[in-house]
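**Q** Pasted the sequence and its predicted model underneath.
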Amino acid sequence: MDAWHFTEMPYPYLPPQDSYTSDRVNMPNSVCDPKIAADLYNRYLDEHMLADDLGLNMMLNEHHQTPTCLDTAAPLAAAILARQTSKGRICILGNPIANRSNPIRIAEEMAMIDCISRGRLDCGFVRGVPYEVFGANSNPTQTLERLWEGIELVQLAWTSHDGPLNFEGRFWHRRAINIWPRPYQQPHPPIWITGSSDKANIRKVAREGYTFAMFLQPHEKVREMFDAFREASPDDNPNANLAYMPLVFTGDSEEEAAKGAEALTWYIKSKSEPQFRNPPGYVPVSFNVNALKGTYSGRTDAVRRQGLDYLKEQGVVIAGTPDQVIAQIRRFHELVGGFRHLLMMQQAGFLDHAATTKSMTLFAKEVYPAIRDLGATQSEAA
Amino acid sequence: MARTKSKPAKRKPAKSATKKVVKTAARKVAAKSGNGKAPAPVKKTASFVTLFGMKIEVERRGKGRPIVVIPGEEGLEADMPFLDELARKNEVIIPWMPGFGRSERPEWVASMDDVSYIFLDLLDALKLKDVTLVGFSLGGWIAAEMAIKNTTRIKKLVLVDAYGIKVGGKRDRDIADVWYLPAEKVLNLKYVDTRHGVFDYPSMPDSKLEIVARQRETTARLCWEPYMHHPSLLRRLHRIGVPTLVIWGEKDGIVTTDYGRAYAKAIPGARFVSIPNAAHFPQVEAPDRFMKELTRFAR
Amino acid sequence: MDAWHFTEMPYPHLPDNSTIPGIRVNLPNKHLDPKVAADLYNRYLDEHLLADELGLNCMLNEHHQTATCLDVAAPLSAAILARQTRNARICILGNPIANRANPIRIAEEMAMIDCISRGRLDCGFVRGVPYEVFGANSNPTMTLERLWEGIELVQLAWTSHDGPVNFEGRFWHKRTINIWPRPYQQPHPPIWITGSSDKENIKKTARHGFTFAMFLQPHEKVKEMFDAFRESSPDENPNLKLAYMPLVYTADTEAEAEEGAKQLSWYLHAKTEAQFRNPPGYVPVSFNVNALKGKYSGRTDAVRSQGMDYLREQGVLIYGTPDQVVQQIERLQNLLGGFRHLLMMQQAGFLSHERTVRSMTLFAKEVYPRVKHLGIDVPERKVA
């Protein structure tokens, strides 16, 4: 099992929740004090460097127009970590390629980071969560089509070495593709894709040999999607290409762990207006039929409203003393049929530097060694 | 009300506000006609015409001079009582653009420009002459795009709270952002009495809801950027050489009467009418006044 | 005078010039060894860290599909320097906004870097040199229009704090602009623009209060453009917003200096096919009339084909012992009428790490203290 440290790099100092309707898209940036932002950026990056020291890998993501995530350009943070760390792998999960205007630039950025890091980059591509279309002003319909054409174009750029090539696709035209530098890893950095419910998409991810990641979902759902991936994967051990992210807090005592876990759940309590969660055409017509019937209110709503015990039972939150954390990870691993990559949101909301680093260190020293063997081979239960 | 594939005989009646409004309007109409009874509904037929290799659904009702009605992005016009009234003395033809109704939507249909050519072909295919072309909201944009290109079969043009042009500067929002704003707010911009805009979706059959969801998706697909307009359309409106009536709800908050007036001003000889006590749907909120203006013009 | 260290971060290990069509756009990337590239990136970044320690500032730029510049995404290196340096200002000169697809993303990247650096970012915008349009597949006509609309959009994003605003421009539509984070500096990082011959553009730069930079041009030309800037600037001291870049090499002896200077001038001899230097519509019709008549072969050709003495005389190349470098800088300041920012390409081509470090250190310790006072006095205004 590979463990990855993650934080969305939040700016948690917001007005009272009942005074606003959305923290995403339209929270005015007058709320952002740049001095505090500067401190937070540097702190979160320091925590990633600690992760590297502790033998963990590092995961980053990117969001726009939201205090839930200051990392508005993941390639920048990845470049910093590429330069400042030396052991861990660095995963951007992911480049919102369906909302970015130029996949060639993404290919170039990734190649540059891969070189600076000497081949430690894992490169994720995401469709982008629904509310992202507003900041990018990208068309909410056809995000899946843009995702796949974008990936095709990036791979073409990464693997073409004999001079300029042409690509006149549906969404992008590039007539002279010949990126400098080329990636460090051959043929290119490993590709990761995220998803939550589109099985056809998941199967495509499996067939392409990419790693598939899910976040903060109940274990039954994760099992279902992981099984779909495993069925479609041509690999001997598909579990090596599976990743899951819970919120993770490791404490000296149960009380400490409960406090830390509670702090982490800030992330799932964030507020957004319904039209930001389901812009037209983002999900298929059948989903929207259910929305009109009132049986669907945007993705992940079910998870949001639950308490800590439920979240722990579901595997969305993993928290406790080191022994308890080990047990919870093993349990979850078994429930979902095995997976290699444990992506851990170990910082969120107001969880401060001291608490975060303590949790990270406890995890690295007392939990990680005991779970390394998981996910390395095909699970019996699969 | 439900647009099902089967013949209209067996349908669950929609228990919706719309239904109530429909009944009320029908009663008003009946009262006017003096016999105290709601008139019998007009017979509707639906068929498919193949254009550019795709099936386009066309509804027709009534007999007489052709009035082609292009619905707005919510597709509500087909169920509105004023259409039945129009159909008593005219033939009302409602084409459903790609992605609307049961019309197919091939990948290459990417803009309102594409749609306007498809509908011009439709007029040819149906061999229509002396058409009064009436476009509502998004349908108004399509109608304008058609009229700037070719009015051979079009005798008169009516635009009702139409989208399609840019009048302000780059910082201005000429058309309210119906996707960014909360649903409540959009409702208040579209209606003086928001009850008109509340629909009982859970009571509708899935087939109808699929159409609703698909129409929303299609609108986003074709109109996301530039938002609900073509940057060059205002500059082209002078090409429209047929008598034009521009009707607007005075309280329209999606596109204001200033916008409407600018639209009318750019079309040679066009007349602008602002209807009080109505917002984006004067044909719903002030049907009598609306019909008076429309029938007088279309005569 | 502010002194800025710069390298374009070249990958110089290429086949013989005669065997390749050119270095830019169409040199296949199979000629790049990623391990060598990795070493080069880290070396060039180390040199920037040294610049910071030496009291110099750091300048970066960005080019695509070319062995002359590995810094294919300047925001990435700027982020690294923002994190790793302490005092230096960091100037991206510049973001090729006319060839990038989304100015809002640029605004976000710059705001993030400005925060990480705690307000040490200078943000340049460029139209992009002609050959860049091929990699970006951006239309070569209208690059100036895109540049200015892009800048307008970025400034709007940087300075809007009360919730989403709308912008439906000629080239970009963004309906809910509300970037997070906002920039550290208020109202935003200083803006720089580069240019070489378009006086209208230069005057516009001056009126907007932006800093204007020129690179590697004969001093008469530079003086002419700097004067145009001064005439249009509303500032008391326009020289504070002027920047010039020569190649700079400082050595212990004249012989060593000449060696180093020769290596620096690798940069000027980079080969590019003719059609990449002048795509249709990049320059005005009048220029292209001359091109058809055979009198214009793309910009900066005149400079390329000259020898080192000429380049030194013209102020394109500054090299020598510390005394000589001091003297050349003083001369250049006089010739140009004074300018605050000395941008120094102190590394290019095969110039090794050791030589680069030595040159930078000599400059910082034995040249800079003696020229720091230059270029910042209020210039004498010409009486109209």
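**A** That came through, no problem. Computed from a prediction, not measured in an experiment: that's the story for all the values here.
**Q** Would you mind listing the buried residues in stretch C:97-109?
**A** Neighbour-count burial for stretch C:97-109 flags C:97-109 (criterion: 16 or more other CB atoms under 10 Å in any protein chain shown). Just so you know, the C-beta spots here come from the backbone N, C-alpha and C atoms, and that holds for glycine as well.
**Q** Reformat those residues as TSV; add distance to chain B and secondary structure.
**A** Shown next, in TSV, are the buried residues of stretch C:97-109 (distance: CB to the nearest CB, whole Å; DSSP: H, G, I helix; E, B strand; the rest coil):
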residue	distance to chain B	secondary structure
C:Ile97	17	coil
C:Ala98	18	coil
C:Asn99	20	coil
C:Arg100	17	coil
C:Ala101	13	coil
C:Asn102	12	coil
C:Pro103	13	helix
C:Ile104	13	helix
C:Arg105	16	helix
C:Ile106	18	helix
C:Ala107	16	helix
C:Glu108	19	helix
C:Glu109	22	helix
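**Q** Out of those residues, which are close to chain A?
**A** Checking these against chain A by CB under 8 Å from any CB of the partner chain, the ones in range are C:100-102, C:104-105, C:108-109.
**Q** Please identify the residues of the stretch 101-250 of chain A in proximity to chain C?
**A** Residues of the stretch 101-250 of chain A lying close to chain C by CB under 8 Å from any CB are A:101-102, A:104-105, A:108-109, A:111-119, A:134-137, A:160-164, A:173-184.
**Q** Helices - which of these land there?
**A** Using DSSP state H, the members of those that fall within helices are A:104-105, A:108-109, A:111-116, A:134-136.
**Q** CA atoms of stretch C:100-111 as PDB?
**A** What follows is stretch C:100-111, C-alpha atoms only, in PDB (Å, rounded to 0.1, in the frame of the first residue of the first chain):
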ATOM      1  CA  ARG C 100      -2.400  31.500 -23.900                       C
ATOM      2  CA  ALA C 101      -6.000  30.500 -23.900                       C
ATOM      3  CA  ASN C 102      -7.200  31.700 -20.600                       C
ATOM      4  CA  PRO C 103      -6.100  35.000 -19.000                       C
ATOM      5  CA  ILE C 104      -8.100  34.200 -15.800                       C
ATOM      6  CA  ARG C 105      -5.800  31.300 -15.200                       C
ATOM      7  CA  ILE C 106      -2.900  33.600 -15.600                       C
ATOM      8  CA  ALA C 107      -4.500  35.900 -13.000                       C
ATOM      9  CA  GLU C 108      -4.900  33.000 -10.600                       C
ATOM     10  CA  GLU C 109      -1.400  31.700 -11.100                       C
ATOM     11  CA  MET C 110       0.100  35.100 -10.500                       C
ATOM     12  CA  ALA C 111      -2.000  35.700  -7.400                       C
END
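**Q** what sits up against it?
**A** With contact meaning CB atoms under 8 Å, 6 or more residues apart in numbering or on different chains, stretch C:100-111 is reached by A:64, A:72-73, A:76, A:100-102, A:105, A:135-136, C:75, C:79, C:92, C:95, C:97, C:121, C:123, C:136, C:149-151, C:153-154, C:157-158, C:172, C:174, C:177, C:179-184, C:189.
**Q** Repeat that for stretch A:327-335.
**A** Contact partners of stretch A:327-335, identified using CB under 8 Å, 6+ apart, comprise A:1, A:219, A:222-223, A:244, A:246, A:312, A:315, A:318-320, A:339, A:342, A:367, A:371, A:374-375, A:379, A:381.
**Q** quick one: buried residues of it?
**A** In stretch A:327-335, counting by 16+ other CB under 10 Å, buried: A:328-329, A:332-333, A:335.
**Q** Relative to chain A, which of the buried residues of stretch C:97-109 is nearest.
**A** When the buried residues of stretch C:97-109 are compared for distance to chain A (CB to the nearest CB), C:Ala101 wins out at 3.1 Å.
**Q** so where is the chain shaky, pLDDT-wise?
**A** If you meant another chain, say so; for now it's chain A. By pLDDT under 70, the weakly predicted segments of chain A are A:296-305, A:376-382.
**Q** Please refer instead to chain C.
**A** C:271-272, C:294-305, C:381-384.
**Q** From the centroid of it, which residue is nearest?
**A** Of all residues in chain C, the one closest to the mean position by CA atoms, centre = their mean is C:Leu93, 4.3 Å from it.
**Q** and that residue, helix, strand or coil?
**A** Here C:Leu93 is recorded as strand under DSSP: H, G, I helix; E, B strand; the rest coil.
**Q** Where does C:Tyr217 sit: helix, strand or coil?
**A** Not quite, residue C:217 is Gln, not Tyr. Under three-state DSSP, C:Gln217 comes out as coil.
**Q** And for the closest residue to it other than its chain neighbours, the neighbour number?
**A** Nearest non-adjacent residue to C:Gln217, counting by CB to CB, 6 or more residues apart in numbering or on different chains: C:Ser196, 6.2 Å away. When neighbours are counted by other CB atoms under 10 Å in any protein chain shown, C:Ser196 registers 17.
**Q** My read is that C:Ser196 contacts C:Ala213, right?
**A** No - using CB atoms under 8 Å, C:Ser196 makes no contact with C:Ala213, being 9.9 Å away.
**Q** Which ones among the contacts of stretch C:100-111 lie within helices?
**A** Among these, the members that lie in helices (by DSSP H) are A:76, A:105, A:135-136, C:75, C:79, C:136, C:149-151, C:153-154, C:157-158.
**Q** Tell me which helix or strand comes right after the strand or helix carrying C:Leu147.
**A** According to DSSP states H and E, C:Leu147 maps onto helix C:143-159. Going down the chain from helix C:143-159, the next helix or strand is strand C:165-168, by DSSP H and E.
**Q** so what secondary structure elements neighbour that next one?
**A** Where contact means 3 or more CB pairs under 8 Å, 6 or more residues apart in numbering or on different chains; DSSP states H and E, strand C:165-168 is packed against helix C:143-159, strand C:173-177.
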